[in-house]
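1. I need the structure of the sequence given here:
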Amino acid sequence: MSPVRTPQAERTAAMRLRLMEATVECLVELGWSGTSTTVVSQRAGVSRGAQLHHFPTKQALVLAAVEHLAERRRETLTDAAAALPEHGRTRAVLDVLAAQFTSPVFFAALELWVAARTDPELREAVAPLERRMGRETHAHALHLLDVDEARGANRALVQATLDLLRGLGLAASLSDDTARRDVVLDAWALTLETQLERS
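-> Presented below is the predicted three-dimensional model:
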């Protein structure tokens, strides 16, 4: 009996996934400057030729990886919304969102954003992705908090929440500040509870 062969499309998808996951690992561990297509292909166990066929440049590979993981982040947020408690929901939402800003996806994206600041070509490619991710995160936050952004100061409060969480994520990139973050989020949850306008 001959062995069952995996279809080419499945093998290709699996290889692309390994490349993208290895890219994010490299960005988190080695930073933008330490991440190269050679290092990524070695870590992914993919031949250099196959990697170049699918992602001819470092920029193309990194953008695809961050976008792929942003998609996984959307799925995580959707699952988290279903599991939120009724009591203490606002504080639980802050924990869900904070997890997004302390995840490998955020740190990989951070490496990309910083490199794009001084690289006009990279910035041109990164800016649309960053704007789209920002809009999606804002929409998820509105959904998780169960508020209409057209009411009162809801839009500004949700944006302030995301800006706060992004800053806390930056702090977490240098050291474990979980205890301080918890205190800040406890206080911010109380602010949101009193200031958000719910229907």
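2. secondary structure element for residue 25?
-> helix 8-34 (DSSP states H and E).
3. no wait, residue 49
-> Assigned by DSSP H and E, residue 49 belongs to helix 48-54.
4. how about residue 139, what does it touch?
-> Applying C-beta atoms under 8 Å, 6 or more residues apart in numbering to residue 139 gives no contacts. Every C-beta, even on glycine, is put in place using the N, C-alpha and C of the backbone.
5. and residue 137, by the same measure?
-> Residue 137 makes contact with 97, 100, 162 under the criterion C-beta under 8 Å, 6+ apart.
6. show me how far stretch 108-119 is from its chain's centre.
-> The chain centroid and the centroid of stretch 108-119 are separated by 14 Å under C-alpha atoms, centre = their mean, to the nearest Å.
7. residue 192 contacts residue 164, correct?
-> No: using C-beta atoms under 8 Å, residue 192 makes no contact with residue 164, being 10.5 Å away.
8. tell me which helix or strand of this structure sits lowest on mean pLDDT?
-> Ranking every helix and strand in the chain by mean pLDDT, DSSP states H and E puts helix 58-82 at the bottom, with a mean of 80.
9. next SSE after that one?
-> Following helix 58-82 in sequence, per DSSP H and E, is helix 89-100.
10. by how many degrees do that next one and helix 58-82 diverge?
-> In terms of direction (axes from the mean of the first three to the mean of the last three C-alpha atoms, to 10 degrees), helix 89-100 departs from helix 58-82 by 160 degrees.
11. show me what counts as buried in helix 89-100.
-> Neighbour counts over helix 89-100 (16 or more other C-beta atoms under 10 Å) mark 90-94, 96-100 as buried.
12. repeat that for stretch 36-53.
-> Buried, per 16+ other C-beta under 10 Å, within stretch 36-53: 37, 39-41, 43-44, 46, 51.
13. any regions of the protein where pLDDT drops low?
-> The chain contains residues with pLDDT under 70 at 1-5.
14. tell me which element the nearest residue to residue 164 once chain neighbours are set aside falls in.
-> The spatially closest residue to residue 164, leaving aside those adjacent along the chain, is residue 188, at 6.3 Å (C-beta to C-beta, 6 or more residues apart in numbering). For residue 188, the element it lies in under DSSP H and E is helix 178-195.
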